[in-house]
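Novice: sequence first, predicted model second:
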Amino acid sequence: MRTHQRTGSESLLSDSYPAAFTDFYGLPSNLPCVFKTGDAWFVPTGPEAQRLLREARPVCDHPMQDSWLEIGKLIYDYLDSCNVEWTSIDPVRFAEAGKEDVSPLHLWIGVVPGTLNILANSGFPDVEIAFRESVVTHSAGPKLPAFNPDVNPVPDLRSPFTPTLGIQIAPLKTPYYEGTGAIYVRESSQSDRVFLLTACHVARPPPAHSKKFLSRKNSSRAREEIVVLGSTAYTNAINRMINTIGHQLISIRIWEQQLERLRGVVEGQEPDRIFARENTQNLVKKAKRKIVHADEIHDRATKHWASPNQRVIGYVVHAPAIAVADGPKQFNQDWALINLYRDKIGWNTFQGNKVYVGGNISPPHFVLKIHPHPEGQSDFKYPPGGLLQVKGVVKDGEIHKPQQLDANGEKCLLVVKNGMATGATIGHLASMESFVRKCLHGAKKTSIEIAVYPYGNKDGAFSAPGDSGSMVVDGKGRLVGLLTGGAGTTEEIDEQMEKAFPGCFPYEIVD
């Protein structure tokens, strides 16, 4: 039997706080707990005891919500006065995986428990504090073919090579810094230029570009070109094709053996036997068709898209330096626009701003997860082909006061994204902002961001490095924010884009 030997740092943590490796066990980030106020959480004991799995849950209805931004500033000012090297402050609740009962509101922050005094003085003495170790990280040829999941036998193999949202991108010069495109934007009604919005740290990875503003007004300036599918994304796409062909060949062999046992038509044969034979024959036909199409995509990808130079789709046309915006909102300014080469897109079949929510999530699971409560579930229609049309914006008031109900009847706002690293995932949008400490150009800055928590313990993290740049939308396709490692609001980015390109607007809806 192999046992886990604790490292020196793990021993130090558990010596000073016994629940260091049980309080947050099961969370995707696998964070140790440095300290937590309030009553100790139950921990099973005994020779066969196993640690309980925890889930983080968003806070969507709390009296502190209206005054949270002021209280949060008092907290991080206090931490700064104590020279605490904190990374983020998140309002959150915790629960045992799969259970309805949730903890009181916790402030998930850096180190010292002195912030309790601030909360008590503000009239919220019952709010608990939880501290964890954390580092905030940023996740960073021919025309692209058309994408129609209703027709394509292997849509998940084809989608990475198409312009469908969830499009995986990287800089040509550094294709190992990878990310995702958010939405398509028209420059104006008088222009045929189309931009792809993404995160600045995806289009111009730091540290080389983090301090530099780019607005390509001068055509003589060297272009910073962008490719579809960076190094990892391209390799993963090819490997999925090879694995799919291999799995289908094995399945065909098994089904043909089954047909041998079912062959021969006998008069009066039971209907179940006839149905089983016909069903197995259809499975073999479908598998052979998948192999043909997977082989065609593999042949095209390895002949025409093997080199990053063959996958260039545009260049960075505008990218403000990464910064924390001035003013009371303090949102993270981390966005860029990519000017698409028109000859790289088949505009006659271009789907526009539609997010592919298939792949990871089957249609029934998508419906049940994005509308977990029976109320309104029967009225929800699965997007045709798994392509969710992006339209409208979730307003600030609804983010803070959501009206949707989760499976337990609690108010929430469920959101979805499709990113390079984790594909399509669903999560719970927080209704209270998080404070994130950043070090930009040698100075410490505090940004206000909105967190998305995993849907549940079994679903894994909502995002990972490589998903940066993807757009987060709700089940109706309304824009929520750009995934940048944390997310500001879409309205904030809209205002900044319109200053640079007056008259710009999201690409038209395509029916």
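Specialist: Nice, I can see it. Numbering: from 1, shown residues only.
Novice: do you know how far residue 428 is from residue 284?
Specialist: 42 Å (CB to CB, to the nearest Å). Any C-beta I mention is one placed from the backbone N, CA and C, and that applies to glycine too.
Novice: who has more neighbours out of these two?
Specialist: Using other CB atoms under 10 Å as the criterion, residue 428 and residue 284 rank with residue 428 on top: 25 against 18.
Novice: can you give me the end-to-end distance of stretch 82-90?
Specialist: 19 Å (CA to CA, to the nearest Å).
Novice: can you list the buried residues in it?
Specialist: Neighbour-count burial for stretch 82-90 flags 84, 86-90 (criterion: 16 or more other CB atoms under 10 Å).
Novice: again with stretch 425-441
Specialist: Under 16+ other CB under 10 Å, the buried positions of stretch 425-441 are 425-438, 440.
Novice: what number of residues lie near residue 260?
Specialist: 9.
Novice: quick one: average pLDDT of the host helix or strand of it?
Specialist: Residue 260 is part of helix 231-262 when elements are defined by DSSP states H and E. Across helix 231-262, pLDDT averages out at 94.
Novice: repeat that for stretch 144-152.
Specialist: 91.
Novice: end-to-end on that stretch?
Specialist: End-to-end distance (CA to CA), stretch 144-152: 15 Å.
Novice: quick one: contacts of it?
Specialist: Residues outside stretch 144-152 that contact it (CB atoms under 8 Å, 6 or more residues apart in numbering) are 155, 158-159, 161-164, 228, 293, 313, 344-346, 349-351, 356, 358, 384-387.
Novice: go again with 7 Å.
Specialist: 155, 158-159, 161-164, 228, 344-346, 349, 351, 358, 385-387 (CB atoms under 7 Å, 6 or more residues apart in numbering).
Novice: with stretch 257-266 instead?
Specialist: With CB under 7 Å, 6+ apart, stretch 257-266 has contacts from 273, 276-277, 280-281.
Novice: quick one: those as JSON lines, columns for neighbour count too.
Specialist: Converted to JSON lines, the contacts of stretch 257-266 look like this (neighbours: other CB atoms under 10 Å):
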{"residue": "273", "neighbour count": "13"}
{"residue": "276", "neighbour count": "15"}
{"residue": "277", "neighbour count": "18"}
{"residue": "280", "neighbour count": "18"}
{"residue": "281", "neighbour count": "15"}
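Novice: tell me the one of the residues you listed nearest residue 143?
Specialist: residue 281 (37.1 Å; CB to CB).
Novice: wait, is that closest one part of a helix?
Specialist: Yes: the assignment for residue 281 (DSSP: H, G, I helix; E, B strand; the rest coil) places it in a helix.
Novice: excluding chain neighbours, what is closest to it?
Specialist: residue 259 (6.7 Å; CB to CB, 6 or more residues apart in numbering).
Novice: how close does that neighbour sit to residue 291?
Specialist: From residue 259 to residue 291 the distance is 17 Å (CB to CB).
Novice: same question, residue 465
Specialist: 33 Å.
Novice: likewise residue 99?
Specialist: For residue 99 relative to residue 291 (CB to CB), the value is 45 Å.
Novice: show me which of the two is the more surrounded one.
Specialist: Between residue 99 and residue 291, residue 291 has the larger neighbour count (other CB under 10 Å), namely 19 against 12.
Novice: picking that back up, put together TSV for the buried residues of stretch 82-90, with distance to residue 364 and pLDDT on each row.
Specialist: Listed next are the buried residues of stretch 82-90 as TSV, based on distance: CB to CB, whole Å; pLDDT from 0 to 100:
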residue	distance to residue 364	pLDDT
84	47	75
86	42	77
87	38	78
88	35	79
89	38	83
90	32	83
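Novice: can you tell me which of the residues you listed is nearest residue 53?
Specialist: Closest to residue 53 out of the buried residues of stretch 82-90 is residue 90 (19.2 Å), distances taken as CB to CB.
Novice: contact partners for that closest one?
Specialist: Contacts of residue 90 (CB under 7 Å, 6+ apart): 108, 434, 451.
Novice: before we move on, what about residue 204?
Specialist: Here residue 204 is in contact with 214, 224, 316, 319, 336 (CB under 7 Å, 6+ apart).
Novice: dump those residues into CSV; add distance to residue 39 as well.
Specialist: Shown next, in CSV, are those (distance: CB to CB, whole Å):
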residue, distance to residue 39
214, 52
224, 54
316, 52
319, 49
336, 47
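Novice: in these, find the pair that's most separated.
Specialist: Longest span within those, CB to CB: 224 and 336, 9.6 Å.
Novice: where do the contact lists of the two overlap?
Specialist: Joint contacts of residue 224 and residue 336 (CB under 7 Å, 6+ apart) are 204, 316.
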